[in-house]
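Novice: Below are the sequence and a predicted model; questions follow.
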Amino acid sequence: MIYRRLAVLALVLVACEAKREAPPAEQPAPPLPPPVATPNPGVPASTCGSETLTDEGIGHLRIASTVESVGFSCNIVRDTTAIGAEGMPARKLLVALSRDTVEAEVVSGRVWRIAVASPRLRTADSLGVGTTKARLLQLTKPRLMTGEGRLYVASPDHCGMSFRLAKVGRDALRGNLDRIGLARLPDTTVVSEVLIFGCRLPAGPG
């Protein structure tokens with residue numbers, strides 16, 4: 001009887017030891033966090049602030065700003081050298097906004113001129129690429145100017161801007177350069193580019 005009890009006790013101890021050495025049951029994995037939406041890499045986020053065209057720039061992209069300050073506040077997608085005014089090499093920045101990109105020409109490390117070719121970017125009074133001759137005639141004392149072989153419109157209403165006219169023949173570069181000259185241009189004449197150079201600089205396209 002004693003031997004039988006000892007045998008049973010031994011079996012119990014072996015069973016307990018085997019249970020202690022068995023690996024713990026696998027715990028269920030925690031649920032995965034929900035996916036995080038990422039922006040479209042083809043559309044850089046804008047950090048430049050307001051995108052209304054002004055006489056001094058666009059948001060934080062302003063005339064006379066250093067390249068470093070522009071890079072801190074805005075998204076510079078390209079910094080390169082290209083042909084600038086009068087066919088000379090110039091440093092140019094391509095700056096991404098939420099609605100489109102603009103080009104800033106740099107002189108001595110500071111923004112000298114901003115070129116806007118997108119119809120999505122406009123002034124507070126809705127001037128921009130695509131603006132018609134009829135609308136330009138409503139400006140205060142509009143005048144025509146030539147620069148780099150192109151024809152521009154300027155007005156005291158926007159002392160730091162000029163509006164390049166599209167598809168204007170060479171004959172338009174001669175004659176009256178005031179409201180009368182502008183009125184003589186074809187009715188289909190529209191703005192093809194806006195140049196921003198700041199009110200502190202002499203009015204002109206370049």
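Specialist: Thanks, I have the structure now.

Novice: Which stretches in the protein count as helices?
Specialist: 2-21, 67-73, 133-136, 179-184 (DSSP state H).

Novice: worst average pLDDT in those?
Specialist: The minimum mean pLDDT among these belongs to helix 2-21 (a mean of 45).

Novice: give me the number of residues near N176?
Specialist: Neighbour count of N176, defined by other Cβ atoms under 10 Å: 12. The way it works is simple: take the backbone N, C-alpha and C, and place the C-beta from them, glycine included.

Novice: The one 3 residues further on now?
Specialist: Residue crowding around R179 was assessed by other Cβ under 10 Å; the count is 18.

Novice: Give me the spatial nearest neighbour of it, chain neighbours excluded.
Specialist: Computed as Cβ to Cβ, 6 or more residues apart in numbering, the closest residue to R179 that is not its neighbour in sequence is P142, at 5.6 Å.

Novice: Need the CA coordinates for stretch 95-105. PDB is fine.
Specialist: Extracted in PDB, the C-alpha atoms of stretch 95-105 (Å, rounded to 0.1, in the frame of the first residue of the first chain):
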ATOM      1  CA  VAL A  95       8.100  77.500 -54.900                       C
ATOM      2  CA  ALA A  96       5.100  75.200 -54.400                       C
ATOM      3  CA  LEU A  97       1.800  76.600 -53.200                       C
ATOM      4  CA  SER A  98      -1.300  74.600 -52.600                       C
ATOM      5  CA  ARG A  99      -2.900  75.700 -55.900                       C
ATOM      6  CA  ASP A 100       0.200  75.900 -58.100                       C
ATOM      7  CA  THR A 101       3.900  76.800 -58.300                       C
ATOM      8  CA  VAL A 102       5.500  80.200 -58.900                       C
ATOM      9  CA  GLU A 103       9.000  81.200 -59.900                       C
ATOM     10  CA  ALA A 104      11.100  83.600 -57.800                       C
ATOM     11  CA  GLU A 105      14.200  85.200 -59.300                       C
END
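
Novice: how about that stretch: buried residues?
Specialist: Residues 95-97, 100-105 are the ones in stretch 95-105 that count as buried (16 or more other Cβ atoms under 10 Å).

Novice: Quick one: residues contacting the nearest residue to T131 once chain neighbours are set aside.
Specialist: Counting by Cβ to Cβ, 6+ apart, the nearest residue to T131 once its immediate chain neighbours are dropped is V191, at 4.4 Å. Contacts for V191 (Cβ atoms under 8 Å, 6 or more residues apart in numbering) come out as 127-131, 136, 153, 163-166.

Novice: V191 and D55, how far apart?
Specialist: To D55, V191 is 16 Å away according to Cβ to Cβ, to the nearest Å.
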